[in-house]
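> Model the following, please.
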Amino acid sequence: MTSLPRMQSSFHPLDWAIIAIYLLAMAAIGVYFSRKQTSLDQYLLAERSMGWLPVGLSLMAALNSGMDYLMQPSSTIRYGIVLAAGIVSWIPLYPWVARVAFPFYHRLNFYSVYEYLEARFDLSVRTLAAVIFLFWRLGWMATAMYVPSLAVNAATGGQVDLNTMTIVVGVVVTMYTMLGGIQAVIWNDVIQFCIMFGGLAATVAIAWWSVPGGIGEIWATAAAAGKLDLWPPLTDPAATAGVADQIRSFFQQPMTTITLLVALIVGRMAQYTTDQVMVQRMQTTRSVKEARHAFAVNAAGDALWMIGLSFVGLALFAYFRHHPLPTE
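Sure thing, here's the model as predicted:
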């Protein structure tokens, strides 16, 4: 049996220097803010002194990750632009978080969502909810660290061991979080936000320029393949003359605008109410008004993020129509 040839490394000394500087900078921010940790309120809530802009950028970076670079373009290639319609979910979500969730938590003198559950119910409810949250976030963080480590492993042609890279990233993140508290986390998120959007802008530009004919060809190819349909056609129009058949056909669709919006609105309503990652960051703002501004920044950033990655998916779809992969 012949083994597959090892991918040649595309990494250069400058790339290694950039990664090293980035990891050291994150650790340095943790060390810097560790000197300011004089109380539990400072460590967990930054004494409610954070401005709306860094909190909003932090939320955007915390709730999105390198996984989106793989998931969103590939899902757009499969399902089309319908996924980008999810950005509309932020509009009906705003009244809930702005008028209900944010004022509610700002009135409470609690550090976590789970303290409220104990006060409202009992310790067992708090413990159960906290355990569920820990398992959910541990799984999410493991994936979020694995994906960029996988990218580095592939880009270096396997020179960097996947497990080693994942452990290094995990140690650095744990260290600056443990030392610097929520302030270090938020400001490192701001840096990550800038890197994420810088990478997205470069990816969009490269994808745009790589397709012969540019955006016009990308749009035309996507339209011809039905990738721009927000309401996908029925699976079998000839067999769906009746109302019951049309309803059955609707629920057989793998992805529709309605189901996507319902899932996102309900999921995000729960997230802004029960997710400690979200609630704790909002609790660091100086007022409910600034929390609302932070939400707007988060929503706008997420919308641009999803639109950009969806465009990359359409560009890749058009590119491989012109440059099909070899069959052997």
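
> residue ranges of the helices in the stretch 151-300 of the chain, please?
Along the stretch 151-300 of the chain, the segments classed as helices by DSSP state H, counting those that start in this stretch run 162-210, 214-224, 243-251, 257-274, 276-283, 288-322.

> just so I know, which of those lies nearest residue 98?
Residue 98 lies closest to helix 288-322 among the helices of the stretch 151-300 of the chain, at 4.8 Å (Cβ to Cβ). From N, CA and C alone the C-beta is placed, and that goes for glycine too.

> Which pLDDT value goes with residue 117?
You'll see residue 117 listed with a pLDDT of 90.

> Could you list every helix and strand in contact with the helix or strand that it is a member of?
In this structure, residue 117 sits in helix 113-120 according to DSSP states H and E. Applying 3 or more Cβ pairs under 8 Å, 6 or more residues apart in numbering; DSSP states H and E, one finds that helix 113-120 contacts helix 123-155, helix 276-283.

> ok, residues contacting that helix?
105, 108, 110, 125-126, 129-130, 133, 273-276, 279 (Cβ atoms under 8 Å, 6 or more residues apart in numbering).

> got the buried residues for it?
113-114, 116-118 (16 or more other Cβ atoms under 10 Å).

> nearest to residue 229, of those residues?
Nearest member of the buried residues of helix 113-120 to residue 229, counting by Cβ to Cβ, is residue 113, at 39.6 Å.

> what's the burial count for residue 313?
25 (other Cβ atoms under 10 Å).

> cool, residue 173 as well?
19.

> Just the pLDDT for it.
86.

> thinking again about what came up before, what's the closest of the helices of the stretch 151-300 of the chain to residue 97?
helix 257-274 (4.7 Å).

> what mean pLDDT does the closest one have?
The model assigns helix 257-274 a mean pLDDT of 86.

> go on, stretch 49-60?
Mean predicted lDDT for stretch 49-60 stands at 92.

> Give me the residues contacting it.
With Cβ under 8 Å, 6+ apart, stretch 49-60 has contacts from 183, 185-187, 189-190, 193, 278, 281-282, 284-286, 290-298, 301-302, 305.

> one step back: could you say which of the helices and strands packed on helix 113-120 is packed most deeply?
helix 276-283 (a mean of 21; mean count of other Cβ atoms under 10 Å).

> quick one: that helix to helix 113-120, angle?
90 degrees (axes from the mean of the first three to the mean of the last three Cα atoms, to 10 degrees).

> need the contact list for the residue most central in space within the chain.
For the chain, residue 64 is the residue whose C-alpha lies nearest the centre (Cα atoms, centre = their mean; 1.4 Å). With contact set as Cβ under 8 Å, 6+ apart, residue 64 has these partners: 196, 302, 305.

> now the end-to-end length of stretch 45-52.
From its first residue to its last, stretch 45-52 covers 14 Å (Cα to Cα, to the nearest Å).
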